[in-house]
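In: below are the sequence and a predicted model; questions follow.
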Amino acid sequence: MIFNWKYALFTNAPMFLTLIVYIGMTALHIDSIWLILAVVVIWLAWYTYAGWKVYSLHPEFNFP
């Protein structure tokens, strides 16, 4: 089995985006409830975009 860098980056991108937002929000001393909202918004937006644009063009990313 070959390691697929595109798939690894694609599946882990929401986690990296959330980490960046978390670091920024803690540096600015923003309340944790906003972090929860940011996590929900980032993940919902990412997987909505993936279902809308990516899976139709790259069905190999859509593993059950």
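Out: Received the coordinates, thanks. Residues are numbered from 1 along each chain as shown.

In: quick check: which element contains residue 47?
Out: Residue 47 is located in helix 32-49, with elements delineated by DSSP states H and E.

In: buried set for that helix?
Out: The neighbour-count check on helix 32-49 (16 or more other Cβ atoms under 10 Å) flags 35, 38-39, 42, 46 as buried. Any C-beta I mention is one placed from the backbone N, CA and C, and that applies to glycine too.

In: closest one of those residues to residue 14?
Out: Nearest to residue 14 out of the buried residues of helix 32-49 is residue 46 (Cβ to Cβ; 4.4 Å).

In: poorly predicted segments of the protein, please.
Out: 1, 55-64 (pLDDT under 70).

In: tell me which residue is most central in the chain.
Out: In the chain, the residue lying closest to the centroid (Cα atoms, centre = their mean) is residue 14, at 1.4 Å.

In: give the contact list for it.
Out: 42-43, 46-47 (Cβ atoms under 8 Å, 6 or more residues apart in numbering).
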